[in-house]
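>>> the sequence and its predicted three-dimensional model are supplied below.
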Amino acid sequence: MTTSNATNSLIEDLRWRGLLNQTTDENGIAELLNSGPQTIYIGFDPTATSLHVGGMMQLMMLRRFQRAGHNPIALVGGATGMIGDPSGKSEERNLLSADQLQKNVDGVAAQMRHFLDFEGENAAKLLNNFDWMKDYSYLEFLRDVGKNFPVGAMMGKESVRSRLESEAGLSYTEFSYMLLQAYDFVNLAKTHDCRIQAGGSDQWGNITAGIDLGRRMLGKQLFGITAPLLTTSDGRKMGKTESGAVWLDPERTSPYAFYQYWINVADEDVMRCLAYLTEIERAEYDELEDKTKNDPGQRTAQKRLAQWLTELVHGEAGVQSAQRATQILFGGELGDTTDSQLREIFADVPSCDVPKSALEGEGLWIVEALQTAKLCNSGGDARRALSEGGVYVNNTRVEDVQKRLTVDDLDGRSVLVLRRGKRKYALLKIQD
RNA sequence: GGGGGUUUGCCCGAGUGGUUAAAGGGGGCGGACUGUAAAUCCGCUGGCUAUGCCUACACAGGUUCGAAUCCUGUAGCCCCCA
């Protein structure tokens, strides 16, 4: 698997995908990769218990190397996370507690298993820099590492310069961040013969700092690769919605919401996403590009993207439930969808409990139900919505202002699906 | 300290005694169209126990059959003089 052919095709592939933003020495890297299996590392910031889209792209990078026969190291920054990387950030961020950090590291580590193979010949490794930083004394660190850092060079780094010029400034702690990450690289070079560090383009300064340090401390030539940031055609970061970031954790972003995010990627962005985030081959890529151009309404590329990523992150079952939810949430008949399927599909839709007794006798007045479900914020609003034809019960339009919901509307299930407009849903869970 | 102006619904902005819950625009919400898009078009946009009732045009009070519209006071903003 680790033939020079595979390696060449790896670099080729990365270049074709547009994933080579900057490299310290492209020929040197190609040569190194040709000489046999190499170890490559990428650092992950444990700022939350889950990764988001940016981290996914980095994990894919490691995965590409692993598939080409190299040894990936995913480094979680248990130590650096205590400091906070100033790169690309406009303000100092709050320090995380050690306790929270540990939770974050655990959460992030679990997600990595979807992307990397931690078994077998070139198994991926998961390391935590807290392990080698925790007992490193300040004095020792300054003597070993600090003295190799000319302040002038540090001041020249983009991450430092931009912050110094801004209002927010930069604390000494953040200023020191670079030393820690540089040392990580050197330490991995020493202990794992890891000679390549990759990362997002905002990591360039930190990576080159590590390369300099490697030369000074080890006399070893290290290499760096950065990938472009995944942005939309209008220049914003991918992975953000009105309601926040898109997470890999199904508790934070349901498989349905995750799937939907990718389905909704703009035509102008979808091919780049496919290139950066998936492993589709060139032939299929060209075919999808063609379909996007000639028959954009089908959104074949978006569907492929959503399906590919959802399957990777949430598994085959995740894809199925997302697709089933899509069908129902976009106006499909409930038909014989079962109770438990409904509850799963509407899992991330606001819901409220209603006692079964409310449906008995006269039943529950639709105007009240809409308010209880928070779909309308007043009786007038509800009446209006009804008369506008914007209210649906179980995906069937209701226009009668006097409509009362009764046991008959349950149709044997234990939930009522209320909808306002095209896709604002709420669930009434009927309690015995 | 003296004089003048201004204050309208989520926002902008008409309205200077009588069908004014308040023109117009924006936003928002529905609907049609569509690709779960963009653009476009149409409707709605104070509350309620709702063919009616109540509360609203900075706030408090007054004149009047009747006020967002007139008067007095209070507060905010703006301008001029000192």
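Ah, there it is.

>>> could you use CA atoms for every contact and neighbour count after this?
OK.

>>> quick check, the residue in the stretch 101-250 of chain A closest to RNA strand B?
The stretch 101-250 of chain A approaches RNA strand B most closely through A:Glu242 (11.5 Å), counting by CA to the nearest atom of the strand.

>>> tell me the confidence at that residue?
You'll see A:Glu242 listed with a pLDDT of 71.

>>> do A:Thr80 as well
Per-residue confidence at A:Thr80 stands at 87 (pLDDT).

>>> burial count for it?
Other residues within reach of A:Thr80, judged by other CA atoms under 10 Å, total 25.

>>> and for A:Ser166?
As a burial measure, A:Ser166 scores 11 neighbours (other CA under 10 Å).

>>> now the residue of chain A most remote from its centre. Its backbone dihedrals?
Among the C-alpha atoms of chain A, the one farthest from their average position, using CA atoms, centre = their mean, is that of A:Gly361, at 49.1 Å. A:Gly361 adopts backbone torsions of phi 70, psi -120, taken as degrees, to the nearest 10.

>>> excluding chain neighbours, what is closest to it?
Spatial nearest neighbour of A:Gly361, excluding adjacent residues (CA to CA, 6 or more residues apart in numbering): A:Thr406 at 7.7 Å.

>>> what's the answer for A:Gln66, then?
If you skip the residues right next to it in sequence, A:Gln66 has A:Pro72 as its closest partner in space, 6.0 Å away by CA to CA, 6+ apart.

>>> can you check A:Met238 too?
The spatial neighbour of A:Met238 that comes closest, neighbours along the chain excluded (CA to CA, 6+ apart), is A:Thr231 at 5.0 Å.

>>> could you give the bridge partners of the one you found?
Beta-bridge pairing for A:Thr231 (DSSP bridges): A:Lys237.

>>> number of residues surrounding it?
Neighbouring residues of A:Thr231 were enumerated by other CA under 10 Å; the total is 15.

>>> what's the pLDDT at it?
Model confidence at A:Thr231, given as pLDDT, is 89.

>>> was I right about it contacting A:Ala266?
No: between A:Thr231 and A:Ala266 there is no contact, the gap being 11.5 Å when judged by CA atoms under 8 Å.

>>> could you measure from A:Ala358 over to RNA strand B?
Applying CA to the nearest atom of the strand, to the nearest Å, one obtains 16 Å for the distance of A:Ala358 from RNA strand B.

>>> count of neighbours near the residue nearest to A:Asp339 when sequence neighbours are not counted?
Leaving out its chain neighbours, the residue that sits closest to A:Asp339 by CA to CA, 6+ apart is A:Arg413, at 5.5 Å. The number of residues packed around A:Arg413, counting by other CA under 10 Å, is 17.

>>> with A:Gly315 instead?
Summarising burial for A:Gly315: neighbours were counted as other CA under 10 Å, giving 15.

>>> and it, what element?
For A:Gly315, the element it lies in under DSSP states H and E is helix A:300-329.

>>> pLDDT of that helix, averaged?
95.

>>> A:Arg161: what's it in contact with?
By CA atoms under 8 Å, 6 or more residues apart in numbering, A:Arg161 lies in contact with A:Met155.

>>> secondary structure class for it?
With DSSP: H, G, I helix; E, B strand; the rest coil as the basis, A:Arg161 sits in helix.

>>> relative to A:Ser171, how far out is it?
Going from A:Arg161 to A:Ser171 by CA to CA, to the nearest Å gives 13 Å.

>>> shouldn't A:Ile430 be within a strand?
Yes: following the definition three-state DSSP, A:Ile430 is counted among the residues of a strand.

>>> what about it, how many neighbours?
Applying other CA under 10 Å, we find 19 other residues in the vicinity of A:Ile430.

>>> that one contacts A:Lys356, correct?
Yes: A:Ile430 lies in contact with A:Lys356 (CA under 8 Å); the separation is 5.4 Å.

>>> can you pull the pLDDT of A:Val105?
Confidence at A:Val105, expressed as pLDDT, is 89.

>>> and A:Gly43, backbone torsions?
When quoted as degrees, to the nearest 10, the phi and psi of A:Gly43 stand at phi -90, psi 150.

>>> so who does the residue nearest to A:Gly361 touch?
Neighbouring residues of A:Thr406 by CA under 8 Å, 6+ apart: A:359-364.

>>> just those residues: which are in strands?
Filtering those for membership in strands, criterion DSSP state E, returns A:Leu364.

>>> next, give phi and psi for A:Asn128.
Dihedral angles phi and psi of A:Asn128 (degrees, to the nearest 10) take the values phi -130, psi 120.

>>> I figured it was touching A:Thr80, is that so?
No: contact criterion CA under 8 Å: A:Asn128 and A:Thr80 do not qualify, at 9.6 Å.

>>> for chain A, which residues are neighbours of RNA strand B?
Where proximity means CA under 7 Å from any atom of the strand, the interface of chain A facing RNA strand B comprises A:260, A:263-264, A:266-267, A:296-299, A:326, A:330, A:377-381, A:383-385, A:388-391, A:420-424.

>>> among those, name the buried ones.
The neighbour-count test (16 or more other CA atoms under 10 Å) marks A:260, A:263, A:267, A:299, A:326, A:383-385, A:390-391, A:420 as buried among these.

>>> would you mind measuring from A:Glu92 to RNA strand B?
With distances taken as CA to the nearest atom of the strand, A:Glu92 is found 32 Å from RNA strand B.
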